[in-house]
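S.K.: could you look at this predicted model? Sequence included:
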Amino acid sequence: MFELQEALERVSYLTGKFPQEEFQVIRQNFEEAKPYLYAALDKAMVEAEELDENYNLHFYALFFLAEFKDTEAFEKIITLLHLPQDLLDDLIGDLSTSGLDQILYNTFNGDVELLKKTVCNRQINEYVRNSVLHVLGQLYLDGTLEKQDWIDFLKKLADAEDEEFSTWLAGMICECHLVELLPQLRYLFDEDLVDPSVYGDYDSCVDRMFSYEGEEQAIFEKQLSADSLKTWAMFEQEKTGSNKNLAMKDLQKLFGQQEQKTEKKVKVGRNAPCPCGSGKKYKYCCLIF
């Protein structure tokens, strides 16, 4: 087993192999590791444009800080989310669509107004804003956020007519069972601001509002562990039976049937969309195979 300093050094850069032992060392020495995790976030923000594309300690830091519910990191994480969209995408990749809400929820320091300001900031990536909206919705369902305060805020968002955001807003109104906002929901559908492929038509969306599944209402899984990263495509997965990971050449056969032999092979950048069509960055997907 390594010492903490060695473990941190070994996970500072992406290798493709899940760092199980290193993570365990960090976990067992979390209080001592915290300053290094904070420093990793600072480094990512300060050096964003020049940061080595393989540097990854800031990414792991987000998960460890959430796992240990470190509320002191909350404002620093929010500051990170205010970076220009292209830079933020390079730094956190698919986290903006999977897991960011859990990270924010578990590090939340009680500053509801900061969350609201982040949601209302249209300069921020819409997926990030949606993750923050999820956190606010969960705080409401937890009883942390008062009902009238939440209703007033959602009304404000509905009045803004943000087309990229209205579908998620409609979903949130239904998830929180806010019948008081049926007029706003009707308006969003009447103005064609809601994508019907997500929640169906107005009637289907309303049906969701009156659907209660289970005693505990949860918009997302509240608990988060850094070990959840093990199944991410950025790491090599075990190849067993019929579930073997497809090699790059196999993916090309599936998604690139019309490749012309006469064309020059185009080099894919590490931060470019993966050519397999997964929607993930190349460095977090097929580059590892």
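M.R.: Received, thanks.
S.K.: and residue 13, its phi and psi?
M.R.: phi -130, psi 140 (degrees, to the nearest 10).
S.K.: so it is in contact with residue 53, correct?
M.R.: No. Assessed by C-beta atoms under 8 Å, residue 13 is found out of contact with residue 53, at 9.6 Å. All C-beta spots, glycine's among them, are computed from the backbone N, C-alpha and C.
S.K.: buried residues in stretch 106-115?
M.R.: Using 16 or more other C-beta atoms under 10 Å as the test for burial, stretch 106-115 gives 106, 107, 108, 112, 115.
S.K.: which helix or strand contains the first one?
M.R.: Under the criterion of DSSP states H and E, residue 106 resides in helix 100-107.
S.K.: point out the other helices and strands that the following helix or strand past that helix packs with.
M.R.: The helix or strand immediately downstream of helix 100-107 is helix 112-120, counting by DSSP H and E. Helices and strands touching helix 112-120, by 3 or more C-beta pairs under 8 Å, 6 or more residues apart in numbering; DSSP states H and E, are helix 74-81, helix 126-142, helix 147-159.
S.K.: export those helices to TSV and tack on mean neighbour count?
M.R.: As requested, the helices and strands packed on helix 112-120 are exported to TSV (neighbours: other C-beta atoms under 10 Å):
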stretch	mean neighbour count
helix 74-81	18
helix 126-142	22
helix 147-159	16
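S.K.: any chance of those in TSV, with distance to residue 225 and mean pLDDT too?
M.R.: Putting the helices and strands packed on helix 112-120 into TSV (distance: least, C-beta to C-beta, whole Å; pLDDT from 0 to 100) gives the following:
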stretch	distance to residue 225	mean pLDDT
helix 74-81	17	98
helix 126-142	18	96
helix 147-159	29	96
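S.K.: which one of those lies nearest to residue 233?
M.R.: helix 126-142 (17.6 Å; C-beta to C-beta).
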